[in-house]
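Novice: Build me a model from this:
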Amino acid sequence: MTTTTTPVLLRNRVPSYEVTLWQDKVDTANRKAARVGLPAPFALEVLGTSERTVTVDDHGYPLVAERTVRMTEILITGEQVGLPGWRFVASVAWDPNAGPVVNTVPGYDGPMLGAPEHQRCDHCGTSRRRNDTYLVQDPEGVVRQVGSDCLTAYTGIPLGWVSAMKAMSEEIEGGFFARPVAPEYEVRSLLRLAVLIVDSEGYVSSQAGDANRWTTRQTFGILWHGLGPKPTRREVERRDDIVARIVASRRPTEAVDHEVEEILAWTAAQTPRSDYVANLQQILTAPTGLVSERSLGYAVSAVSAYRRHLGFVAERKAKAERVHANVAYIGKIKQRVTIEVEVERVVDLPDYGFGPSDLFILREVGTGSKAVWKTGSLSDTTEALHRVRQDDGQTGTVTIKATVKSHQESKYNGEPETTLTRVALA
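Specialist: Sure, this is the predicted structure:
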């Protein structure tokens, strides 16, 4: 037995996330061959990747936002096995009702194969009832029909190899797509659509969604893939209403793309302080640039998380501006002042080898100006301040004398802050 040529069974561009599944199918067919002692006849080769712009969903409905799909060109080859010059070209399943059903191997480039008129084997001449026969091409290019008992003796082609080839052919001809394949999403295309949805519908979490309101993740899936082949009238109307609102509220493409880049930059710059932030960062900054179906909910929530962050920043900035407009520093540097204060908070500072200390956060009564005092000593002054600390549920004021050490802006909100020293009860 010798190997002859290595014909191409399939050369096609497929979504990149399907490549590993195609490799699984090649491996399955090779295992069939290995069970009968044959070397692996099938191989998958990746020829390259490219990107394709998609403008309609899976069912032909126009998309509200174009998306990019990463495609990979694959090549599947199947090594022919048999005597020199012989080639396996098709199997014939004899259906008791329909008659001969011809399954030509992928990659066959010869003339059209007609269905045999009988079940006679061209090797032994026997004509009898058979479940399967096989079409082979001899060294002169003539196509002949043989039975399973004669296949190996006549052509050198093992039945085990034929079984593996049939398995591979079924996957290539359509069996592979009989079950759904979990999609993956190009991250910028995903965020672009998510931004448009949140602009129009707001963010709807899984807890907030119900029978009358799709979650943001559900809306994304419907606008990306479509409603399916047989949607209800209510589903179609709801989908069309959402699309109409998105179109009506749509911002310029450049503005949407700018926000997408801002979301990605903000996510990458985060210091993870929770599982949510850590997971979101890992999902959106994956080196493949793709988001899996199981992480879709996390990914679409990034729009809401980023906008909440902007809201916090704006609120803090506005607060700081209000503070700057109404609050001033206390006294002048090195000036001895007498002021009435409330104790807003006391922070226990760590011991760095010099003993424990407290940081008193104070507010001047009447002006609201902020003052801070750090001390490691215990005195009548510290005792009096502790008695009226607001963060301990107390109320009241204390009048103190102090020297102004410095003026600075708070590193948390930019508020004017006066550092005091030599503090004593007035």
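Novice: so where's the protein uncertain?
Specialist: Along the chain, the model assigns pLDDT under 70 to residues 1-6, 58-59, 111-113, 173-182, 315-326, 390-394.
Novice: beta partners for residue 82?
Specialist: residue 2 (DSSP bridges).
Novice: Test my guess that it contacts residue 156.
Specialist: Yes: using CB atoms under 8 Å, residue 82 is in contact with residue 156, at 4.2 Å. Glycine gets a C-beta too; all of them are placed from N, C-alpha and C.
Novice: The two: which has the busier surroundings?
Specialist: The neighbour count for residue 82 versus residue 156, taken as other CB atoms under 10 Å, is higher for residue 82 (21 against 18).
Novice: Next, find the distance separating the more buried one from residue 30.
Specialist: Plainly put, residue 82 is 18 Å away from residue 30 if you go by CB to CB, to the nearest Å.
Novice: show me the biggest strand of the protein in terms of residues.
Specialist: If you go by DSSP state E, the chain has its longest strand at strand 62-78.
Novice: Bridged to the most centrally placed residue in the chain, which residues?
Specialist: Residue closest to the average C-alpha location in the chain (CA atoms, centre = their mean): residue 291, at 1.7 Å. Taking DSSP bridges, one finds residue 185 as the beta-bridge partners of residue 291.
Novice: Pull out the buried positions in stretch 407-415.
Specialist: residue 415 (16 or more other CB atoms under 10 Å).
Novice: and what of stretch 352-361?
Specialist: 358, 360, 361.
Novice: which of these lies closest to residue 51?
Specialist: Set against residue 51, the nearest of the buried residues of stretch 352-361 by CB to CB is residue 361 (54.8 Å).
Novice: Can you list the strands that the strand or helix carrying the closest one pairs with?
Specialist: Taking DSSP states H and E as the definition, one finds residue 361 inside strand 357-364. Here strand 357-364 is paired, per DSSP bridges, with strand 336-349 (antiparallel), strand 370-375 (antiparallel).
Novice: gap between that strand and the chain center?
Specialist: Offset of strand 357-364 from its chain centre (CA atoms, centre = their mean, to the nearest Å): 47 Å.
Novice: What of stretch 274-291?
Specialist: 8 Å.
Novice: What's the end-to-end length of it?
Specialist: Terminal residues of stretch 274-291 lie 20 Å apart, using CA to CA, to the nearest Å.
Novice: If you count neighbours, what's buried in it?
Specialist: Residues of stretch 274-291 classed as buried by neighbour count (16+ other CB under 10 Å): 280, 281, 283, 284, 289, 290, 291.
Novice: Looking at the residues you listed, which one is closest to residue 14?
Specialist: Out of those, the member with the shortest distance to residue 14 (by CB to CB) is residue 290, at 14.1 Å.
Novice: From what I see, that closest one and residue 70 are in contact.
Specialist: Yes: counting by CB under 8 Å, residue 290 does reach residue 70; the two are 7.0 Å apart.
Novice: shared neighbours, those two?
Specialist: 16, 186 (CB atoms under 8 Å, 6 or more residues apart in numbering).
Novice: so who does the closest residue to residue 388 other than its chain neighbours touch?
Specialist: Nearest residue to residue 388, sequence neighbours excluded (CB to CB, 6 or more residues apart in numbering): residue 396, at 3.8 Å. By CB under 8 Å, 6+ apart, the contact list for residue 396 reads 342, 387, 388.
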